[in-house]
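1. using only what follows, build the 3D model:
(chains A and B)
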Amino acid sequence: MSKTDISRRGVLKSGAVAGAGLAVPTIFTASSAHAFTNEPTGSSVTLGFNVPQTGPYADEGMDELRAFQLAVEHLNGGGDGGMLQTFSSKALKGNGILGKEVKFVTGDTQTKSDAARASAKSMIEKDGAIMVSGGSSSGVAVAVQGLCQEAGVIFMAGLTHSNDTTGKDKKANGFRHFFNAYMSAAALAPVLEKLYGKDRKAYHLTADYTWGWTQQESIAAATEAMGWETVNNVLTPLASTDFSSYIAPVLNSGADVLVLNHYGGNMVNSLTNAVQFGLREKQANGKNFEIVVPLYSELMAKGAGENIKGIVGSSNWDWKLQDEGTKAFVKSFGTKYGFPPSQAAQTCYVQALLYADAVERAGSFNPCAVVEALEGGDSSLPGISSPSNKGYLFDGLGNGQTLYRSADHQCFKDVLVVKGQENPTSEFDLLEVVEVTPVAQVWYEPDNPMFAGGNLGKCNPGA
Amino acid sequence: MDAIILQILNGLDKGSAYALIALGLTLIFGTLGVVNFAHGALFMIGAFCAVTVQRFLTLSFETVDPTRTDFLGNPMKVKTPYVEAWFGADTGAAIINWSVPLAILFAIPIMLLIGYAMERGLIKHFYKRPHADQILVTFGLAIVLQELVKHYYGANPIQTPAPDIFRGSFDFGTILGFDPNVIIYPYWRLVYFGFAAIVIAGVFSFLQFTTFGMVVRAGMADRETVGLLGIDIDRRFTIMFGLAAAVAGLAGVMYAPINAPNYHMGMDFLVLSFVVVVVGGMGSLPGAVLAGFMLGILESFASMNQIKAIFPGIDQIIIYLVAILILLTRPRGLMGRKGVMED
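-> Numbering: from 1, shown residues only, chains lettered A, B, ... in the order given. Purely as a prediction, here's the structure:
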C-alpha cells in the first residue's frame, strides 16, 4: 500500500488557486505585445455601447442605441453622413476610424452600477472594446468611468447629469458632453423667477442617488439665491413606482411649488401621481400651485402624456433647434427611424463622433493621445474671461460653439429651458423651447464647491 | 391627526391591490395546493388588457394634410381614430376616454381563459411535485410572460388614463372639519377602493352562498372525501384558478390609471403579496384581505416624513419587519388554519 500526500482538499485548493490565476483579467496584467489596452491590430476597431435596455431608464437607453448605430453607419461612410457634414473638425472622412472599419458591441446596464460594470468589463475583456460609451444614470456613469480608468480605455459618458461625474468623481479617461445639474439650475432659476416670482416655498422629492442629490443641491442653491425657501427635501428610492405617499403630504406642508428631482420612469410616475392628487389645480399661499421638473426629455414627456403640459424644466438639446448640425442629425435619424431623436440620442451620437474625431486628429487609438486631443490645447469660448476657459472648441454638432474643458473634461455650451407643449401640433411636438440660456450664464470654475474634491489624475493607457 | 387620516386613505388603494392579489393567491393555494409565483404576472397582464383596449380604441387611419409638414418637411400624416370616424368626433372621443372601464369587459373573459390555459397546460402537471418545484416553474412562467409583454409593448410605462370625470381629487378634509387642501384623495383611487371592496365581497358571496362555492369550500377542507362523493372537484378547482386569475386581472386593469403599466409591475407586487398571504395565514381568505389592507396602510404610514426622520428607510422594510413580528408571535399568521403547509 502506498500513501500519497495528495488529499481531496489539497487538490481543490490548488485547483482554485490555479483557476483564479487564469481568471485574472488580461487587461489588468502586463503585456508587452500591446502598447495600450485593446490596441486594434486588424482591419476593424470595436466600440462598446453600454446602455440601459431594461429598468426605469430603458426608453432613453434604446434611443441611445439607435443613435450609436447611426453614428457607426456614418463613421463607416454609410447613410447621408449626418453631422459629419456640419462638424467644424474635418478630420473624419467616412472611412471608419484611422481607416479601420468601426464595429460595436452592446451591453445592458439595467440602470444598476454592478450590472453596468459587469457588462462594460465584459465588453473590454471579451470583445476588445477600445472605448465605452452610453448610459442613462449618473450612478452607472460614475461606476463605469472608474472601471474604464482602471482598465485603460476611454469612457465617453452618455446621459449623466450629476455634478459628480465631472466633479468629485472625474477621471482622466472620462469625458462628458451632456450638461449637469449646476447648469440646469443656473439656466432655470431666472426663468422660474420670471414665471413664478421671488416669494415661493419649494418642496423637493429627490431620487436617492448621486444624480438626485446633486440636482437637489444645485436647484435649492439657485432658487434660494433668488429668494425662494426650501420647505422640505424627501429622498425617494430609485425603485419606487408609487409616489402617492410622498405626494399626499405636500399640499399641507406650506409649500406652493413641488420640485421633482426624478428622471425617466420615476418622473413619469411621480408627475402622474402629483397630477392625480390635483396639485396643479390647487392654490397655496394665495398662489397657483406649480410643479417643476428640472431635467426632462421628450421621451419622458411622451411617457407622462397630458400631465407634462406647461411643466418647466431644462434640456441639453432639442430636435426643433434650427442650427445646421441639428437639422442634419434630425434628418438622418428621422429618415432611418421614423421619429425625431431625443436628447439622449443626440449626446451619444455626438460623443461617438467626438471620440472618432479625436483619434483621427491624434493619429492613434492610444487613450493618452485621445485624451490629449480632446483636451485640445488652448482654444477657448469667446466672451468668458477665466483661466480655466481652455480646451477643445468645436461647433456644428447641434449645441452651437462648445468647449470640452481640459480642467475637468466637461462640455460647456448653451442650455435649453423647456416647457411641456400646451397645444402640440404633432405627436412629436412635446416640448417648447422657452429660452436658450447662453453658455456664459451656466459657466462655473472647476473649483466650485459643488464640484470640489475630485482629481482628474493621469490618463491610463492600460496594458 | 390630519396626517394620520391622509396616510390611512393612502394605504387603502395599495392595500386594495395587495388584498386582491393575495386573495387570488390564497384561492389557488387553498384549492389546488399550488404556490403560484406567476400571480403577479396575471396582475400585470390585467393592466395590459387596459393598455390593449386603449390601443384598440385608438387604432387610427392616416390622411395626408398637404397644408402642414412633419418634422422632416414632408406633408403631414394626420391620424384619426376609427371610432371617431364611425361614431362622430364627440362620441368617439368619449369611448376612448372610457377605455379603462371598458377594458373590464374585455379582461374578464381573457383572464379566465389565460387562467384556464395556465392551469390545464402547465400547472396541473405539478400538483404532486414539491412546493419548490411549483415555485420554480411558476416563477419561470412569470418571467416568460413578462418578457413577452416587454417584447410586444416595450419596456416603458404606458399612460392609461382614467376617464376625465375621475380626474383630480376629492377634499376629504372639508367634510371632517379640516382646512381645505389638508386631506385630499384622488377620485380614481376612491373608485379603486370601492371596486376592490365589490370584487372581494363578490368572491366571498360566491363561495358562501352558491352550491358551487359550497362544493369548492368542502373540497378545500377535504378534497378526497368530496371526490369520493362523485363530484369532479378537479374541474371546479380549475374554474377557481380561472376565477383567481380574473380577480388578479381586474385588480390590474383598474390599477392601470394609478401607475402607468410596465412589464415589471407584477414582480413589484408579487413578493409583497406573498408576505401578505403568509401574514394573513396560508389558505385563509379573510386573512389575506385583512393582511392586505393592514400592510398597505402600514407601508403608507412608514413613508411619513415624521416617521422616516426617526427611522430612515423604514418605508422600505416595514412590511417585512411586521411579517417577522407576526410570524414570531403567531406562526400560522393572523388567521391561519392548523395543518396548512405543515406536513
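2. verify the stated contact: A:Ser270 with A:His262.
-> Yes: with contact defined as CB atoms under 8 Å, A:Ser270 counts as touching A:His262 (4.9 Å). The way it works is simple: take the backbone N, C-alpha and C, and place the C-beta from them, glycine included.
3. common neighbours of these two, please.
-> Contact criterion CB atoms under 8 Å, 6 or more residues apart in numbering or on different chains; residues shared by A:Ser270 and A:His262: A:Leu205, A:Thr236.
4. tell me where the stretch 201-343 of chain B is predicted with low confidence.
-> B:338-343 (pLDDT under 70).
5. mind telling me which residue of it is nearest chain A?
-> Nearest to chain A, among the residues of the stretch 201-343 of chain B, is B:Ser303, at 4.0 Å (CB to the nearest CB).
6. can you pull the contacts of that residue?
-> Contacts here follow CB under 8 Å, 6+ apart; on that basis B:Ser303 touches A:Ser245, A:Tyr246, B:Gln7, B:Asp315.
7. and the end-to-end length of stretch A:305-312?
-> End-to-end distance of stretch A:305-312: 15 Å, with CA to CA, to the nearest Å as the criterion.
8. are that stretch and chain B in contact anywhere?
-> Yes: Stretch A:305-312 lies within reach of chain B by CB under 8 Å from any CB of the partner chain, at A:Gly305, A:Glu306, A:Asn307.
9. could you do stretch A:156-163 as well?
-> No: contact check for stretch A:156-163 against chain B, using CB under 8 Å from any CB: none in range, with a minimum separation of 15.1 Å.
10. before we move on, back to that, tell me the spacing between the residue of the stretch 201-343 of chain B closest to chain A and A:Tyr337.
-> To A:Tyr337, B:Ser303 is 40 Å away according to CB to CB, to the nearest Å.
11. for the most centrally placed residue in chain B, helix, strand, or coil?
-> Among the residues of chain B, the one closest to the centroid is B:Ala251, at 3.1 Å (CA atoms, centre = their mean). Here B:Ala251 is helix, with the state taken from DSSP: H, G, I helix; E, B strand; the rest coil.
12. please name the nearest non-neighbouring residue to it.
-> Counting by CB to CB, 6 or more residues apart in numbering or on different chains, B:Leu20 is the residue found nearest to B:Ala251 once chain neighbours are left out, at 3.7 Å.
13. residues touching that neighbour, list them.
-> Neighbour list for B:Leu20: B:Ala196, B:Val199, B:Ile200, B:Val247, B:Ala248, B:Leu250, B:Ala251, B:Gly292 [criterion: CB under 8 Å, 6+ apart].
14. correct me, but A:Leu374 touches A:Thr402?
-> No: contact criterion CB under 8 Å: A:Leu374 and A:Thr402 do not qualify, at 11.9 Å.
15. quick one, helices of the stretch 151-300 of chain B?
-> With helices called from DSSP state H, counting those that start in this stretch, the stretch 151-300 of chain B shows them at B:172-175, B:187-209, B:211-221, B:223-228, B:233-255, B:265-280, B:285-302.
16. which one of those lies nearest to B:Pro157?
-> Closest approach to B:Pro157 among the helices of the stretch 151-300 of chain B (CB to CB): helix B:265-280, 8.5 Å.
17. near A:Lys287, how many other residues are there?
-> 14 (other CB atoms under 10 Å in any protein chain shown).
18. so it touches A:Asp256, yeah?
-> Yes: applying CB under 8 Å, one finds A:Lys287 in contact with A:Asp256, separated by 5.1 Å.
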